[in-house]
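[1] below: sequence and its predicted model.
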Amino acid sequence: MKALRLATALLALTTGMALAENPMVGGAAMFEDKNIVENAVNSADHTTLVAAVQAAGLVETLQGAGPFTVFAPTNDAFAKLPAGTVENLLKPENKGTLAKILTCHVVGKEVMAEAMKGMIEADKGMHPVPTLGGCTLQASYEGDMMKLTDEAGNVATVTIADVKQSNGVIHVIDAVMLPKM
């Protein structure tokens, strides 16, 4: 009985430690027991992404079981797009285009940074990452920073990796990935 209590206490301690290790994003704690949408709405750096996910009708999908890997562009990433682009994409008549762009940031499995690094190394420096939107991102490393290149040649840096969610993982990026137009 004593061993069982000790094991339970150790499990509780290590579970708490694992939760504490999840990085903060946009000034908010990210909880492993919450899904991608539940955590994203708390990030001050992802209000544009959350609005876009809502406008594209993807909330239910990203609250689903997954697992998903989401490369989550920040508000600053969206601000780098040409003036008026975000406002135009948020219009109801552009829902399909917006959904395509957003799903080009989502992979249909959980991929942690260390695993991605191994795939990049195995592929001699560049690894194709197929997304749910039908786009293929190219993952690479520049020094110790993971980079993603979209089909239009835009490059994003992963600024915060391995933000664990109940239905996958988020990697915060500093640019919006676009499909080939």
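    Structure received.

[2] quick one: residues contacting the residue nearest the centre of the chain.
    In the chain, the C-alpha closest to the average C-alpha coordinate belongs to Val70, at a distance of 2.6 Å (CA atoms, centre = their mean). For Val70, the contact set (CB atoms under 8 Å, 6 or more residues apart in numbering) comprises Ile36, Leu62, His105, Val106, Val107, Gly168, Val169, Ile170, His171. To be clear about C-beta, it is placed using only N, CA and C from the backbone, and glycine gets the same treatment.

[3] what confidence value was assigned to it?
    On pLDDT, Val70 comes in at 95.

[4] any idea which strand is longest in the protein?
    strand 155-165 (DSSP state E).

[5] quick one: buried residues of that one?
    Ala156, Val158, Thr159, Ile160, Ala161, Asp162, Val163, Lys164, Gln165 (16 or more other CB atoms under 10 Å).

[6] burial measure for the residue nearest to the second one when sequence neighbours are not counted, as a count.
    Closest residue in space to Val158, ignoring its immediate chain neighbours: Met146 at 4.1 Å, by CB to CB, 6 or more residues apart in numbering. The criterion is other CB atoms under 10 Å. On that basis, Met146 has 20 neighbouring residues.

[7] you'd agree Met146 is in a strand?
    Yes - the assignment for Met146 is a strand, going by DSSP: H, G, I helix; E, B strand; the rest coil.

[8] could you dump the contacts of Val70 to JSON lines with secondary structure and pLDDT?
    Formatted as JSON lines, these follow (DSSP: H, G, I helix; E, B strand; the rest coil; pLDDT from 0 to 100):
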{"residue": "Ile36", "secondary structure": "helix", "pLDDT": "89"}
{"residue": "Leu62", "secondary structure": "helix", "pLDDT": "89"}
{"residue": "His105", "secondary structure": "coil", "pLDDT": "95"}
{"residue": "Val106", "secondary structure": "strand", "pLDDT": "95"}
{"residue": "Val107", "secondary structure": "strand", "pLDDT": "95"}
{"residue": "Gly168", "secondary structure": "strand", "pLDDT": "91"}
{"residue": "Val169", "secondary structure": "strand", "pLDDT": "93"}
{"residue": "Ile170", "secondary structure": "strand", "pLDDT": "94"}
{"residue": "His171", "secondary structure": "strand", "pLDDT": "95"}
